[in-house]
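> Pasting a predicted model and its sequence here:
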Amino acid sequence: MLQHEENRVLTSVGPGTPCGKYMRRFWHPVAVSDELKAEEPVRIRILGEDLVMFRGSSGEIGILGLHCSHRCASLEFGKVEENDLRCSYHGWLYDRQGHCLEQPTEPEDSTFKDRITHKAYPVQEAAGLVFTYMGGDDPPPIPRYEAMFREDGHRYVYSMYTNPANFLQIVENGSCDAFHVPFLHGSKVDRYIYREGREMHWFRETDYGLASLTLRKPVKEGDTTVYAHITSSVMPHLTKITLRPLRNMEGHEYAMPPIELMVWHTPVDDYNTTAFELLFIPGKDYDKAQLDKYIDGVAMTKDYKKSWPPKRDERGRYLLESVPEQDAAMVVSQGPVSPRHNEHLATSDIGVIMVRKVLKEGIDNVAGNRDPKGVVRHDDIIQIPSTDEWIEVGAEREVGAIMKDIGERWVTTGDLTVKG
Ligand code: FES
Ligand SMILES: [Fe+2]
């Protein structure tokens, strides 16, 4: 449980708040590149700030404060002129750096425009997503996670949905709480069907956040393969998962490769969070139709699109028909900001406790003007651990004891192999 004030510090992302200053040390995805057409300004809200985003004729993107510096009309109604944006009210013209270039209703010799500084944030596109940095001078590079930059396969990006809930409970659900999977999703995802005592979990802090390992005993008697799943939580709000449907729990073989799945949870404000998803499928030999069908069935991507907003019955209760609806019902029903002073955290909440600790340390580091975990100052490719595989453990020893060995070794070394 957290005290009211601790909860507020970890969840408030607006300008000037401790977590808001922390969040402003990171690049955040704010749009899918392909969806931002030239000449159509789009209103967005990020970290509690209302902004307008537009693509100029050169293809470059600008992100400016939504309200005109003159008399606060919304620039979403503005007109893109080459690479600048003109307010539709009195025609003030802004460039992508927030300089006011023209004030056509002022006297010709006026220098007033030179004294106007309009809010503007740097923008970069990477891996089909638009990122912005709202932390002022000295932005670090966008971290080069491998799935964003690999060239040996196919990449898909989606702007998924906005959940009416604070980012932290969504991160806690998606990256740090493997325990909910067999209960909440067991009816939907058959390989997760809960069987007493068949799961074990381990968590460890990593260079970028934390990772969790789940091991599941085989469902069939006599089967000596253990199912292993690692999910990583990358600060401040990225979840990395591998989905490898090469074989299900009944031993059926699939022909397709594993999917590397990354989901960013960009805070809109304290009470809303937008997810951006990137899928990378290694291998060049698949045609588009084959991949589309595969993703439809496996990655739940279309499931998200189909089931957003989540379906409710006539009394307004969620129907819980799909995985995203099941997750949404849980995180949204916690309230816009989960009232953590009412919690009773248990042993199974170790991942939740760890991510709050890493977040708190990050906030403290930013307060001390140090980079928080997750900010990098290099351009090297970064591998984030995740896996989805079956490990042959042999039959000589009791499977539970072998799982315990694998998990304990993984916590210290990250090594999943079976030895001895
Ligand atoms: S309000 Fe934008 S130019 Fe007047
Ligand atoms: Fe879930």
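Alright, I've got the coordinates. Ligands and ions are numbered 1, 2, ... in the order given.

> The closest residue in space to Leu93 that isn't next to it in sequence and His229: what is the separation?
Excluding its sequence neighbours, the residue lying closest to Leu93 (C-beta to C-beta, 6 or more residues apart in numbering) is Glu102, at 4.0 Å. Just so you know, the C-beta spots here come from the backbone N, C-alpha and C atoms, and that holds for glycine as well. Glu102 sits 57 Å away from His229, taking C-beta to C-beta, to the nearest Å as the criterion.

> neighbour count winner among these two?
Of the pair Glu102 and His229, His229 is the one with more neighbours under other C-beta atoms under 10 Å, namely 23 against 14.

> Just checking, which helix or strand of the chain averages the lowest pLDDT?
Among the helical and strand segments of the chain, the one scoring lowest on mean pLDDT, DSSP states H and E is helix 301-306, with a mean of 57.

> the helices in the stretch 251-400 of the chain, which residues?
Listed in chain order, the helices found in the stretch 251-400 of the chain under DSSP state H, counting those that start in this stretch are 288-298, 301-306, 323-333, 350-367, 399-413.

> would you turn the ones you listed into TSV with mean neighbour count and distance to Thr206?
Below are the helices of the stretch 251-400 of the chain laid out as TSV (neighbours: other C-beta atoms under 10 Å; distance: least, C-beta to C-beta, whole Å):
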stretch	mean neighbour count	distance to Thr206
helix 288-298	14	26
helix 301-306	17	26
helix 323-333	19	23
helix 350-367	19	9
helix 399-413	16	11
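
> Out of those helices, name the one with the poorest average pLDDT.
Of all the helices of the stretch 251-400 of the chain, helix 301-306 carries the lowest average pLDDT, namely a mean of 57.

> Nearest residue to the residue in the stretch 201-350 of the chain that ligand 1 sits nearest to in space, ignoring adjacent ones along the chain?
Using C-beta to the nearest ligand atom, the single residue of the stretch 201-350 of the chain nearest to ligand 1 is Asp269, 23.9 Å away. Nearest residue to Asp269, sequence neighbours excluded (C-beta to C-beta, 6+ apart): Gly48, at 4.2 Å.

> next one: phi and psi at that neighbour?
As for Gly48, its main-chain torsions (degrees, to the nearest 10) stand at phi 80, psi 10.

> Surely it and Thr11 touch.
No. The criterion here is C-beta atoms under 8 Å, and Gly48 misses it with Thr11 at 11.5 Å.

> These two: which is more packed in?
Shown here are Gly48 and Thr11; by other C-beta under 10 Å, Thr11 has more neighbours (22 against 19).

> so who does the more buried one touch?
Contacts for Thr11 (C-beta atoms under 8 Å, 6 or more residues apart in numbering) come out as 19, 166-168, 270, 337.

> so the most centrally placed residue in the chain bridges to which residues?
With distances taken as C-alpha atoms, centre = their mean, the chain has Trp264 as the residue nearest its mean C-alpha position (1.4 Å). For Trp264, the beta-bridge partners are Leu238, Phe276 (DSSP bridges).

> Buried ones in the helix or strand harbouring Tyr156, by neighbour count?
Under DSSP states H and E, the secondary-structure element containing Tyr156 is strand 153-163. Of the residues in strand 153-163, those buried under the neighbour-count criterion (16 or more other C-beta atoms under 10 Å) are 153-161, 163.

> sorry, back to before: for Lys293, state which of the contacts of Thr11 is nearest.
Phe167 (32.5 Å; C-beta to C-beta).

> these two touch, right, the closest one and Trp264?
No. Taking contact to mean C-beta under 8 Å, the distance of 10.0 Å between Phe167 and Trp264 leaves them out of contact.

> between these two, what contacts are shared?
Counting by C-beta under 8 Å, 6+ apart, the contacts common to Phe167 and Trp264 are His237.

> Was I right to think Asp379 contacts Arg144?
Yes. Between Asp379 and Arg144 there is a contact at 6.1 Å, judged by C-beta under 8 Å.

> between the two, who's got more neighbours?
The residue with more neighbours, out of Asp379 and Arg144, is Arg144; 15 against 10, by other C-beta under 10 Å.

> Which residues does the more buried one form beta bridges with?
Ile381.
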